[in-house]
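S.K.: take a look and give me a structure for this.
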Amino acid sequence: MGKPCPKYTAEFKRRAAQPCNERGTACAEVAREAGVDPSGLADWARRASAAAPGAEADPFQMAGDLRRPRRENERPKRENEMLSKASAFFAGRQL
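M.R.: So this is what the prediction gives:
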């Protein structure tokens, strides 16, 4: 398998995207200096510029906050699917 994707903090993403948005520096150049993927940095810059300038909410932190409940919901969904398959299997065997 390939290397696992590195996890970057919201602060790192904000600081890395800042030169792209404020000075108009090319994302590829900033990405080389920061040691990150250029397409990822471009996405971070796009998200940071789309957020309201005076807003308190951090777009990177909000994405992490949304990811956690989704992960928590995955386990009950898998369990429900497994129980549905088991009940269908056992219902078929009784006939």
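S.K.: show me where this structure has helices.
M.R.: For the chain, the helices defined by DSSP state H occupy 10-22, 27-34, 38-50, 59-94.
S.K.: could those helices go into JSON lines alongside mean pLDDT and mean neighbour count?
M.R.: From N, CA and C alone the C-beta is placed, and that goes for glycine too. Shown next, in JSON lines, are the helices of the chain (pLDDT from 0 to 100; neighbours: other C-beta atoms under 10 Å):
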{"stretch": "helix 10-22", "mean pLDDT": "80", "mean neighbour count": "17"}
{"stretch": "helix 27-34", "mean pLDDT": "83", "mean neighbour count": "16"}
{"stretch": "helix 38-50", "mean pLDDT": "82", "mean neighbour count": "17"}
{"stretch": "helix 59-94", "mean pLDDT": "83", "mean neighbour count": "10"}
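S.K.: Lys3 is nearest to which of the ones you listed?
M.R.: Closest to Lys3 of the helices of the chain, according to C-beta to C-beta: helix 38-50, at 14.3 Å.
S.K.: now that closest one, how far from the centre of its chain.
M.R.: Centroid separation between helix 38-50 and its chain, computed with C-alpha atoms, centre = their mean, to the nearest Å, is 12 Å.
S.K.: cool, and stretch 27-36?
M.R.: On the basis of C-alpha atoms, centre = their mean, stretch 27-36 sits 19 Å off its chain's mean C-alpha point.
S.K.: follow-up on the earlier one: redo the helices of the chain as a markdown table? Include distance to Pro4.
M.R.: Output for the helices of the chain, formatted as a markdown table (distance: least, C-beta to C-beta, whole Å):
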| stretch | distance to Pro4 |
| --- | --- |
| helix 10-22 | 17 |
| helix 27-34 | 19 |
| helix 38-50 | 14 |
| helix 59-94 | 16 |
